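[1] Just need the structure, nothing else, for what follows:
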Amino acid sequence: MLVRSARRLPVIAAAVSLLGWVAAVAFLAATDHRLGQLGRADLYGLGGSGFVFMVASASASLVGAVLLVRRPEHPVGWCFAFLGFSVAASGAAQDYGLLGLVADPRGDHPGAAAAAVLASSLFVFWLITIGLVCHLTPTGHYLSARWAWGARLLWITGLIWFGTILISPTKLEAPFADFENPWGIEALRGSPLMPVRAVTGLITGLLVLVAFASLVARFRRSYGDERRQLLWMGIAAVPVPVLVVVTFVAAKADNDVVLNLAAGGFVAVLPLAAGLAVAKTRLYDVDRILSQAVAYLLLSAVLAGTYAGVVLLLGQGVGGVAGNSTIAVAVATLAVATMARPAHRTLQDTIDRRFSRRRYDALRMLRAHVASPDPTTTVEHVLRDALRDQDLAVSYWVPDKQVWVTGDGRPALTPVRALTVRRGGRTIARVSSVALEAELVDAVLREAEPELDNAGLRAAVALQLEDVRASRQRLATAQLDERRRVERDLHDGAQQRLLALAAQLQAALINGQPERLREALTIGVEQSQTAVRELRELANGLHPSVLADGGLAAALDDLASRHRVQIAVAQPDLRYSPRIEATAWFIACEAVTNAVKHAAADQIVVHVDREGADLLVVVEDDGLGGADPSGSGLRGLADRAEAVGGHLDVLARQPTGTTIRAVLPCGS
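    Numbers count the residues shown, from 1 in each chain. So this is what the prediction gives:
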């Protein structure tokens, strides 16, 4: 039960913070309505600087609620929830105190004096909370034991300061500077209380600056994601020392407007920056966001100064015709427009170099290579130098082949960890790197996208060339194997028969007997006929005469007569170029032979048809299936198809069987 309650506590605190802000706004609206009826619209709590405080309260309450829900264990969420609630309570107390003490002092407004005291003192807790946020962001822990003592002293001196404000027998803080503190103890007037109040107030302010210094020290010691988290704080925390000084000066000068704007300003901005830091939001963009924001801020100042300087120069220094306001404005506008782009480039480069020198150098190296590629240097080598990772490897995606290849077209190894680079929705490359700074790698790869795309196209061409070289080698090897087969068949067949025939005839001549000579001649005729038949079969295997005489349909019919093959030729009377006919016949013949020898097929069907300007040859069997397209036999058939500008596909059928489909260009 206790565990469940503890889990609900952050959600309850978040709800209380948000509902407290809503209740405060509703209370302010009701009080402002009463002030309007009294004719004191100048005291509205939701108008002027009071609106800044309500925005600050909303910012702190909302960030606190989000962090309490998402990171309930992180103390910064609790700090902001308390800060939002206290700012809202302070605004409501001030508005009610003004109603009861200033606008309607004779009315019935119980507790108006107490509200004025709280409104004059609750700001102490704002400073304490902001100091704690600076100490605990982004990790939720103090930077060290020494810095933790700074936070403890902030609490101690802040509480003492708050207590002395409550009981000091003096006038209240603005806007109640005309009223004595109703809780003040008159006996303490002239006692050391007032010096203690002044000293603790000064120390509290200094300890807030110390808390800011802890942020700076943490940033100097941090790296990686923690450093990027702190960059979010840099957006809001940099002006904090100035605002704290302005707050104290405005308080001493009784300038209520400046005080409220200064105090409410950093109370409104700081929660957003700290919330983004704790939640680790867009860490890999914070460098760019911060550098660009600073660059545009400085650019605006430079352009505004230039514009004002040119107008003053022409209006006062030159005089005469040039002093005409229209001419001065036109010249100033032209000057600003002319220098805007180069000034922005110069400022951005300077700031980038200052924020992250390594990132700046890496991007500059990539930009130089993309703008003017060096033919002797690949983008892979440039990425290695830019990221200082000599083990970096780049592989490129070839969509036609559905493979990853290196820059020279060879098959790429599958990396353990890699980043995929896409451009225009297309996958173009894959980069494996052991660089620890993921943001730097992402930025460099974004800059390298055009050159990686170009390198991927070159890798695809290199892959095609490699395929052509491999295909030529396979064809040359196949031709050599074919010549050796022919040589072996000639040696073992017709040559042996003819040699035996010559030996028999020589023996018969030497013997001289007519019967022996007649028998040798008879055997010689039979052997010569057998040799002629073997030679004809051998020649038909190389290029059957029926193919040259009768065309592809006749050659396939001859093939069917020697195997159990069904032939379906759509247009048997058509003739094609000898090269196309020979290729189609060889593919059909080899596919049938493979089906008979390796697939144990019972039925083989050969289809031949026209498909536009292509000749389509399809061989289907009902064999075992499982044909390997990368095997030497089928790869050789594909090489033959590609050699005439076509292609060959091997398709597995279900549950068994194989389909070989060759598309050969044959013209019109």
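[2] Please enumerate the helices of the stretch 301-450 of the chain.
    For the stretch 301-450 of the chain, the helices defined by DSSP state H, counting those that start in this stretch occupy 325-355, 357-371, 379-387, 438-492.
[3] Now do the shortest one against helix 357-371, angle only.
    Relative orientation of helix 379-387 and helix 357-371, computed by axes from the mean of the first three to the mean of the last three Cα atoms, to 10 degrees: 160 degrees.
[4] Hmm, residue 605 is touching residue 566, no?
    Yes - in this structure residue 605 lies within contact range of residue 566 using Cβ atoms under 8 Å: 4.6 Å. Glycine gets a C-beta too; all of them are placed from N, C-alpha and C.
[5] Between those two, which is the more surrounded one?
    Neighbours per residue (other Cβ atoms under 10 Å) separate residue 605 from residue 566, with residue 605 holding more: 16 against 11.
[6] three-state assignment of that one?
    Classification of residue 605 by DSSP: H, G, I helix; E, B strand; the rest coil places it in strand.
[7] On the strand side of things, show who it bridges to.
    In this entry, residue 605 is beta-bridged to residue 566, residue 620, by DSSP bridges.
[8] Okay, the closest residue to residue 586 other than its chain neighbours and residue 582: tell me how far apart.
    Of all residues not flanking residue 586 in the chain, residue 640 sits nearest, at 6.3 Å (Cβ to Cβ, 6 or more residues apart in numbering). Plainly put, residue 640 is 9 Å away from residue 582 if you go by Cβ to Cβ, to the nearest Å.
[9] low-scoring pLDDT stretches of the stretch 201-350 of the chain, where are they?
    The stretch 201-350 of the chain contains residues with pLDDT under 70 at 223-270, 272-301, 303-305, 307-308, 311-312, 314-326, 328-329, 332, 348-350.
[10] Give the full set of residues in contact with the closest residue to residue 208 other than its chain neighbours.
    Closest residue to residue 208 apart from its sequence neighbours, by Cβ to Cβ, 6+ apart: residue 131 at 4.6 Å. Residue 131 is in contact with 151, 154, 207-208, 210-211, counting by Cβ atoms under 8 Å, 6 or more residues apart in numbering.
[11] need those in TSV with distance to residue 447 and neighbour count, can you?
    Output for the contacts of residue 131, formatted as TSV (distance: Cβ to Cβ, whole Å; neighbours: other Cβ atoms under 10 Å):
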residue	distance to residue 447	neighbour count
151	42	21
154	45	25
207	44	24
208	41	23
210	41	18
211	38	25
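[12] can you name the two of those that are farthest apart?
    Farthest pair in the contacts of residue 131 (Cβ to Cβ) is 151 and 208. Separation: 10.7 Å.
[13] Domain-wise, how is this structure divided?
    2-281, 290-355, 365-460, 473-540, 547-665 (automatic domain parsing).
[14] will you turn these into CSV that also has distance to residue 466?
    Formatted as CSV, the domains of the chain follow (distance: least, Cβ to Cβ, whole Å):
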stretch, distance to residue 466
domain 2-281, 41
domain 290-355, 41
domain 365-460, 4
domain 473-540, 11
domain 547-665, 13
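[15] Please report how far residue 123 lies from residue 162.
    9 Å.
[16] Over to residue 129?
    Counting by Cβ to Cβ, the gap from residue 129 to residue 162 is 12 Å.
[17] Settle it for me: which of the two has more neighbours?
    residue 129 (25 against 20).
[18] Leaving out chain neighbours, which residue sits closest to the more buried one?
    residue 83 (4.4 Å).
[19] before we move on, what SS does that neighbour have?
    Per three-state DSSP, residue 83 ends up helix.
[20] from now on call the first residue 48
    Renumbered: residue one is now 48, and that last one reads residue 130.
[21] any idea of the mean pLDDT in the helix or strand hosting residue 75?
    Element membership for residue 75, per DSSP states H and E: helix 49-84. Averaged over helix 49-84, pLDDT sits at 79.
[22] tell me which residues of the helix or strand following it are tucked away?
    Once helix 49-84 ends, the next helix or strand along the chain (criterion: DSSP H and E) is helix 96-117. By neighbour count with 16 or more other Cβ atoms under 10 Å, helix 96-117 contains the buried residues 96-115.
[23] now stretch 410-428
    410, 412-413, 416-417, 420, 425-428.
[24] Pipe those residues into TSV and attach pLDDT per row.
    Formatted as TSV, these follow (pLDDT from 0 to 100):
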residue	pLDDT
410	73
412	80
413	78
416	77
417	76
420	77
425	82
426	82
427	81
428	83
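[25] and the two most separated of those?
    Between any two of these (Cβ to Cβ), the greatest distance is 18.3 Å, for 410 and 425.
[26] and residue 182, what does it touch?
    Counting by Cβ under 8 Å, 6+ apart, residue 182 touches 189-190, 194-195, 197-198, 258, 261.
[27] most neighbours, which of these?
    The residue in the contacts of residue 182 with the most neighbours, by other Cβ under 10 Å, is residue 258 (25 neighbours).
[28] give the contact list for that one.
    177-182, 197-198, 201.
[29] quick check, it in a strand?
    No - according to three-state DSSP, residue 258 belongs to no strand; its state is helix.
[30] Run through who's touching stretch 674-688.
    By Cβ under 8 Å, 6+ apart, stretch 674-688 touches 518, 521-522, 525, 630, 633-634, 637-638, 641, 646, 694-695, 697, 699, 705, 707, 709-711.
[31] Narrow those to those that are buried.
    518, 521, 525, 630, 633-634, 637-638, 641, 646, 695, 697, 705, 707, 709-711.
[32] Any chance of the backbone angles for residue 698?
    phi -120, psi 130 (degrees, to the nearest 10).
[33] Please report the distance of it from residue 705.
    For residue 698, the distance to residue 705 equals 7 Å [Cβ to Cβ].
[34] try residue 663
    Using Cβ to Cβ, we find residue 663 at a distance of 17 Å from residue 705.
[35] now swap in residue 147 and tell me
    Per Cβ to Cβ, residue 147 is found 96 Å from residue 705.
[36] count of residues packed around residue 118?
    Using other Cβ under 10 Å, residue 118 is surrounded by 17 other residues.
[37] So what does it look like in phi/psi?
    Phi and psi for residue 118, reported as degrees, to the nearest 10, are phi -130, psi 70.
[38] Name the residues of stretch 669-676 that are buried.
    Neighbour-count burial for stretch 669-676 [16+ other Cβ under 10 Å]: 669-670, 672, 674.
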